[in-house]
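In: with the sequence up front, the predicted model follows.
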Amino acid sequence: MNPHDITISNRTNSTGMTSMTSNHLNSKEEILETLRGILEEMFETDPATVVPPALLYDDLDIDSIDAVDLIVRLKDLTGRKVSPEEFKAVRTVGDVVAAIEKLLRN
Amino acid sequence: MRSEQHAQPTQKREGYYYWRVLASGFGFAIFGVAGLVAGLVGIPILRLCIRDRVRQQAMARHAVQRFFQWFIRMTVNLGILTWSVENPAPLTRRGALIVANHPSLLDVVFLVSLIPDACCIVKQSLFSNPVMRGALTAAGYIGNDDPMQMLEAAASNLEQGSPVVMFPEGTRTEPDQAAQFGRGAANLSVRAQCPITPVFIRCEPTTLTRNEPWYQVPYKPMHYTITVGPACPAIDAAQSASPVSILVRRQHARVMEFLNRMAATGRPSPDR
């Protein structure tokens, strides 16, 4: 790897811990549960704090660069292309769940 | 230190107080005029004389450094402040990633005066400030609105050997408020595999903080102490099983450990 390459690498999917396929994500609850696993694995976020009204930045300490990493992760999860624009309005855990649900439906 | 800050309003004014009010106003005026002259006259002339963008940028950065050095000498000569720097050598290393706290308006002036060819990450809104815009653009400084673009631009500066200066507090800190440090620098360190040189800036008595008018000069001339801490080596992402986002948090914690220790004890490392 070029030492100065900026790579948004995502080695978490190889661990298989939360690499659920989209068939397991049928309800909001299942999506939320999967998201809890992902956030713990990527950002060491306490799963108990991952509730729909929680704000990503203020409550969970997930900043804009983390959000970009998260989008890459969600792309792997859903198998769909996720555009950062769709995530511009995302503020809370509930917003993320809704966004994943929408991705899976389309 | 905290108690001293609270005591400030009742402290007896010393060191030619009203002279310093006048001199501070003069300093602000010089800064504004210099920015305008640079933007309206200096930069256009530079663009005409030197076509090569890389050389343009090098000249602009050199000019900014020289102006800041002169500006600090002037504030010292006017009796506004005194300053000292501990362990400045790492600042001049090619491709250093320098991360500092941000207690006052002059922090960037001090650091850039000490660092040749420095590239600063600055608040995006400064690019729409007519006084600053010209110089910032010519010097190739980087705005912070899009974090990924910022990381890429900063990484390319590091690769070319230019030191990058960041203030992860983003905005000047209120003296009594805990700083909110962003992880942009830690991200850059892990993703570009570059060590962080942490710097702690102390200004006593506190001044030029946010929401303080220019004529509110401290009761006595201020003293700046700039302490360059031990480098935080880059964490090799390829050698670790943890995701980059976790390594970034680990690197961020190291920088914060230094800054918090300096704020609490004034000592750069636990064994000194």
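Out: Nice, thanks for sending it over.

In: right, and A:P53 touches A:R91 too?
Out: No: judged on Cβ atoms under 8 Å, A:P53 makes no contact with A:R91 at a distance of 10.0 Å. For glycine as for every other residue, the C-beta is placed from the backbone atoms N, C-alpha and C.

In: point out where chain A drops to low pLDDT.
Out: A:1-24 (pLDDT under 70).

In: one more time with 90
Out: A:1-29, A:64, A:68, A:71-90, A:99-106 (pLDDT under 90).

In: which parts of it are helices?
Out: A:28-43, A:64-78, A:93-105 (DSSP state H).

In: what would the ones you listed look like in a markdown table with mean neighbour count and distance to chain B?
Out: As requested, the helices of chain A are exported to a markdown table (neighbours: other Cβ atoms under 10 Å in any protein chain shown; distance: least, Cβ to the nearest Cβ, whole Å):
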| stretch | mean neighbour count | distance to chain B |
| --- | --- | --- |
| helix A:28-43 | 19 | 5 |
| helix A:64-78 | 20 | 5 |
| helix A:93-105 | 17 | 15 |
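
In: which of those sits closest to B:L97?
Out: helix A:64-78 (15.5 Å; Cβ to Cβ).

In: next, the angle helix A:93-105 makes with the closest one.
Out: 40 degrees (axes from the mean of the first three to the mean of the last three Cα atoms, to 10 degrees).

In: for B:E14, what are its contacts?
Out: B:E14 makes contacts with B:219-220, as judged by Cβ atoms under 8 Å, 6 or more residues apart in numbering or on different chains.

In: now do the SS call for it.
Out: coil (DSSP: H, G, I helix; E, B strand; the rest coil).

In: re earlier: who's more crowded, A:P53 and A:R91?
Out: A:R91 (13 against 8; other Cβ atoms under 10 Å in any protein chain shown).

In: how much space is there between the more buried one and chain B?
Out: Going from A:R91 to chain B by Cβ to the nearest Cβ, to the nearest Å gives 17 Å.

In: what sits opposite the residue nearest to that residue when sequence neighbours are not counted in the beta ladder?
Out: Spatially, and ignoring its direct neighbours in sequence, A:R91 is nearest to A:L55 (6.0 Å; Cβ to Cβ, 6 or more residues apart in numbering or on different chains). Counting by DSSP bridges, A:L55 forms beta bridges with A:T92.

In: thought B:P163 was touching B:A100?
Out: No: using Cβ under 8 Å as the test, B:P163 is too far from B:A100 to be in contact (12.0 Å).

In: about what we covered before: turn the helices of chain A into JSON lines, including distance to B:T206.
Out: Supplementary listing: these in JSON lines, determined by distance: least, Cβ to Cβ, whole Å:
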{"stretch": "helix A:28-43", "distance to B:T206": "34"}
{"stretch": "helix A:64-78", "distance to B:T206": "30"}
{"stretch": "helix A:93-105", "distance to B:T206": "38"}
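
In: for B:S104, which of the ones you listed is the nearest?
Out: helix A:64-78 (26.4 Å).

In: what helices or strands is the closest one leaning on?
Out: helix A:28-43, helix A:93-105, helix B:147-159, helix B:244-265 (3 or more Cβ pairs under 8 Å, 6 or more residues apart in numbering or on different chains; DSSP states H and E).
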